[in-house]
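Asker: using only what follows, build the 3D model:
(2 chains)
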Amino acid sequence: MSMTNLQANWDAVKFPDNLTVLNKIQDVTFRKGGQVSLYGADMDRIATTGQVFMSAPTAKIMSGNPAQFMGIAAGTTGTLLATHKDAKLATGGDILYTLANAIFEDAQTNGAHGSWGACSADFKAISSDGVTHPLSFTRA
Amino acid sequence: MGEAARPDAVLIPSSCKRGSNSREKIHSILDIAEPALGVDKAAGEHAYYRSVPFTSPDGSSYNLATRDPYDTFLHPTGHPREKQPRYRWEDGEGGIRFGFLIESEVIIGQSR
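Answerer: Numbering: from 1, shown residues only, chains lettered A, B, ... in the order given. All right, here's what the predicted structure looks like:
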């Protein structure tokens, strides 16, 4: 089966290592975190130069299993892995995200009356050398 | 390409990206990175790429591809050669550059 060029559903979401699988995953968001600094001077009324000096990569996961996130201590550091599956499970269509040096920042849980409980987890990531982006991509 | 000749890293200009969305762009970079790195998929290897903030001669940024997602462009913080180059770079076609680890050479240089 050829690749569909569509992704649907997440699998093999893991943190802080390759052995710890997070389950009941409903949503995963990776942000590369580029931050544009604008410059203007003299008679400028609109910035005339924009440059990304710093990036602040982040990730957010939503799950139906609040306990697994609420049990992680803020500051826990490791690798966040997630596989975005090909929509029809075609070979070679999965996108694998690896967020190195991911730092667990916060967990929020909620559950309205008569509804499924849910939880979200927020991560920030740092670079090992100050220039290499911690978020890498590959395919399976 | 023999095992010994495999580069440890490849720098690929972002101008090599093709497609209109991130999925197509990811595949277009990996289409270059996997053969350039000599990735052995049967052995479970992958090519991982991420951005590095350097500009190629054509003005586009570079993507660093390696067989290990934890490889860095420079020596990491805390290393004796912190933030100094890890690779010796050789120019390839289309703005692609092949990187070979120079850790042993760096250590020799450090002792002088």
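Asker: strands of chain A, start to end?
Answerer: A:7-14, A:25-31, A:34-39, A:49-55, A:58-63, A:77-86, A:95-110, A:118-125, A:135-139 (DSSP state E).
Asker: okay, those strands, which one's buried deepest?
Answerer: Of all these, strand A:135-139 has the most neighbours on average by mean count of other Cβ atoms under 10 Å in any protein chain shown, namely a mean of 24. Glycine gets a C-beta too; all of them are placed from N, C-alpha and C.
Asker: show me what contacts A:Leu99?
Answerer: Shown in contact with A:Leu99 (Cβ atoms under 8 Å, 6 or more residues apart in numbering or on different chains): A:30, A:57, A:59, A:79-81, A:123, A:125, A:134-135.
Asker: find the nearest non-adjacent residue to it, please.
Answerer: A:Leu80 (4.1 Å; Cβ to Cβ, 6 or more residues apart in numbering or on different chains).
Asker: repeat that for B:Lys83.
Answerer: B:Leu74 (4.9 Å).
Asker: cool, A:Asp106 as well?
Answerer: A:Asp122 (4.7 Å).
Asker: show me the contacts for that neighbour.
Answerer: Contacts of A:Asp122 by Cβ under 8 Å, 6+ apart are A:58-60, A:104-108.
Asker: repeat that for A:Asp106.
Answerer: A:74, A:121-122.
Asker: mind putting those in CSV, pLDDT and distance to B:Glu93 included?
Answerer: Shown next, in CSV, are these (pLDDT from 0 to 100; distance: Cβ to Cβ, whole Å):
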residue, pLDDT, distance to B:Glu93
A:Ala74, 97, 48
A:Ala121, 98, 44
A:Asp122, 98, 43
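Asker: just to revisit the earlier point, contacting residues for the residue nearest to B:Lys83?
Answerer: The contact partners of B:Leu74, by Cβ under 8 Å, 6+ apart, come to A:129-132, B:82-86.
Asker: just send the residues you listed back as JSON lines, with distance to B:Ser22 and pLDDT too.
Answerer: What follows is the contacts of B:Leu74, written out as JSON lines (distance: Cβ to Cβ, whole Å; pLDDT from 0 to 100):
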{"residue": "A:Asp129", "distance to B:Ser22": "24", "pLDDT": "96"}
{"residue": "A:Gly130", "distance to B:Ser22": "25", "pLDDT": "96"}
{"residue": "A:Val131", "distance to B:Ser22": "22", "pLDDT": "95"}
{"residue": "A:Thr132", "distance to B:Ser22": "19", "pLDDT": "96"}
{"residue": "B:Glu82", "distance to B:Ser22": "32", "pLDDT": "94"}
{"residue": "B:Lys83", "distance to B:Ser22": "29", "pLDDT": "93"}
{"residue": "B:Gln84", "distance to B:Ser22": "32", "pLDDT": "94"}
{"residue": "B:Pro85", "distance to B:Ser22": "29", "pLDDT": "94"}
{"residue": "B:Arg86", "distance to B:Ser22": "27", "pLDDT": "95"}
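Asker: can you name the residues in contact with stretch A:9-21?
Answerer: Counting by Cβ under 8 Å, 6+ apart, A:22-23, A:25, A:27-28, A:61, A:72, A:76-85, A:94, A:102, A:104, A:123 sit against stretch A:9-21.
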